[in-house]
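Student: from the sequence below, what's the structure:
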Amino acid sequence: MLALGNFPIATLGDLHRQVDQAFANVLRGAGLDEMTAPFPALVLWSDTDKLYAEAELPGLTIGDIEVSVVGNELSIRGTRKAMRGDNLTFHRRERITGEFVRIVTLPVAVDADGVEATLRDGVLRIVMPKSAAARARKIEVKAG
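Tutor: Prediction:
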């Protein structure tokens, strides 16, 4: 019989539960819980003229999401609805439901009037033109 610390393990299912419990205890000890990962997961990158952000929002529709840029902060707000129905029995429930907000400080100033957002296949894509002051420009060097 295997053991994890002082706990005997009879099956792989027991091992899985024990590892999950140990991980949860470590997170709780750090003042966190299993659901503290930022939601939605984001990727933020830039090119010369624009910033781009993509957020994973599976199962959400356009009506569930609100995007705004205020100053140098991008805000994504929304609601993920819980599954409802008669005679449902959940055997595992890992998806967070309810309202969420994700606020990200942008690395450069953007032109808020030019921001565009699209939702396709569960991925929200936000294109933010950099402000004129934030764009790199080539400076001609003159002979003096």
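Student: please, where are all the helices along the protein?
Tutor: If DSSP state H is used as the criterion, the helices of the chain fall at 12-29.
Student: who are the neighbours in contact with the closest residue to residue 64 other than its chain neighbours?
Tutor: Leaving aside its sequence neighbours, residue 64 sits nearest to residue 78 (Cβ to Cβ, 6 or more residues apart in numbering; 4.9 Å). C-beta here means a position set from N, CA and C on the backbone, and glycine is covered the same way. The contact partners of residue 78, taken as Cβ atoms under 8 Å, 6 or more residues apart in numbering, are 57, 60, 64, 65, 66, 99, 100.
Student: which pLDDT value belongs to residue 78?
Tutor: The pLDDT attached to residue 78 in the predicted structure is 92.
Student: where in the protein is pLDDT low?
Tutor: Low-confidence segments of the chain, defined by pLDDT under 70: 1-17, 20, 23-37, 134.
Student: quick one: the strands in it, in order.
Tutor: Using DSSP state E, the strands of the chain run over 2-4, 7-9, 42-46, 50-56, 65-70, 73-80, 98-105, 116-120, 123-129.
Student: now the angle from the fifth one to strand 123-129?
Tutor: Strand 65-70 and strand 123-129 are oriented at 20 degrees to each other (axes from the mean of the first three to the mean of the last three Cα atoms, to 10 degrees).
Student: in a markdown table: the strands of the chain, plus distance to residue 88.
Tutor: Formatted as a markdown table, the strands of the chain follow (distance: least, Cβ to Cβ, whole Å):
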| stretch | distance to residue 88 |
| --- | --- |
| strand 2-4 | 33 |
| strand 7-9 | 32 |
| strand 42-46 | 31 |
| strand 50-56 | 25 |
| strand 65-70 | 25 |
| strand 73-80 | 17 |
| strand 98-105 | 17 |
| strand 116-120 | 27 |
| strand 123-129 | 28 |
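Student: which one of those lies nearest to residue 144?
Tutor: In terms of Cβ to Cβ, the element of the strands of the chain nearest to residue 144 is strand 42-46, at 33.6 Å.
Student: same question for the closest one: list its buried residues.
Tutor: Using 16 or more other Cβ atoms under 10 Å as the test for burial, strand 42-46 gives 42, 44, 46.
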